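A.B. asks: here you go, sequence then predicted model.
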Amino acid sequence: MRVEYVSPFAEAAHRVLESVVGLRPVRGQLQALPEIVTMQQVNVVLGITGQVEGMVLYGMSVVTADRIAGLMMGKTVVTFDQMAASAVAELGNMISGNALTLLSKHGYRCDITPPTVIRGKNVDMMSMTGAPLINIPLELGQHGDVCIGVSLRERLAA
């Protein structure tokens, strides 16, 4: 997978997390995984279509999801419910939208699918693209960690 597919998601995550929830993430070490498996309790999944295709996952613990949702909604979230799920799904949507804008500057025209929230660790995700998953860990201090998994490839000619 090309670095120009991954970097826009890391850059967009920094921008969105700082502007929307007021958090400055610290990026950890990138990790390549041979298969796509949810590693966190709450996972936001978005499909990417166009010249580059695949999927992006935003994973976090339930506690981190509650804290991020609370910051986005301006109130304390105690239980991960439909509103909290909607908030973290929208966060994934905003990061992905910003990342696709950055990808377009490299000449890649793409769209995103609506986000889906999946609860649960170790859920196998079958990707038809066969692209590996690059995991970008982001540390949010006392709020926990968010892992961004990027699995993209250039679309094959039809």
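C.D. replies: Okay, I see it. Residues are numbered from 1 along each chain as shown.
A.B. asks: for the nearest residue to residue 123 once chain neighbours are set aside, give me the pLDDT.
C.D. replies: Distances taken as CB to CB, 6 or more residues apart in numbering put residue 38 closest to residue 123, at 4.3 Å, once the chain neighbours are dropped. The C-beta positions use only the backbone N, C-alpha and C, and glycine is treated the same way. In this model, residue 38 is scored at 73, pLDDT.
A.B. asks: residue 38 contacts residue 57, doesn't it?
C.D. replies: Yes. Between residue 38 and residue 57 a contact is recorded at 6.8 Å, counting by CB atoms under 8 Å.
A.B. asks: these two - which one has more neighbours?
C.D. replies: The residue with the greater number of neighbours, taking residue 38 and residue 57 and applying other CB atoms under 10 Å, is residue 57; the counts read 23 against 20.
A.B. asks: who does the helix or strand that contains the more buried one pair up with?
C.D. replies: Here residue 57 sits within strand 52-60, counting by DSSP states H and E. Using DSSP bridges, the neighbouring strands of strand 52-60 in the sheet come out as strand 42-50 (antiparallel), strand 145-154 (antiparallel).
A.B. asks: quick one: name whatever helix or strand follows it.
C.D. replies: For strand 52-60, the following helix or strand on the C-terminal side (DSSP H and E) is helix 62-73.
A.B. asks: can you give me the buried ones in that following helix?
C.D. replies: Using 16 or more other CB atoms under 10 Å as the burial criterion, the residues of helix 62-73 that qualify are 64, 65, 66, 67, 68, 69, 70, 71, 72.
A.B. asks: repeat that for stretch 83-95.
C.D. replies: Neighbour-count burial for stretch 83-95, with 16+ other CB under 10 Å as criterion, is recorded at 84, 85, 87, 88, 89, 91, 92, 93, 94, 95.
A.B. asks: which residue, other than its chain neighbours, is closest to residue 89?
C.D. replies: Taking CB to CB, 6+ apart as the measure, residue 89 lies nearest to residue 115, with 4.1 Å between them; neighbours along the chain are not counted.
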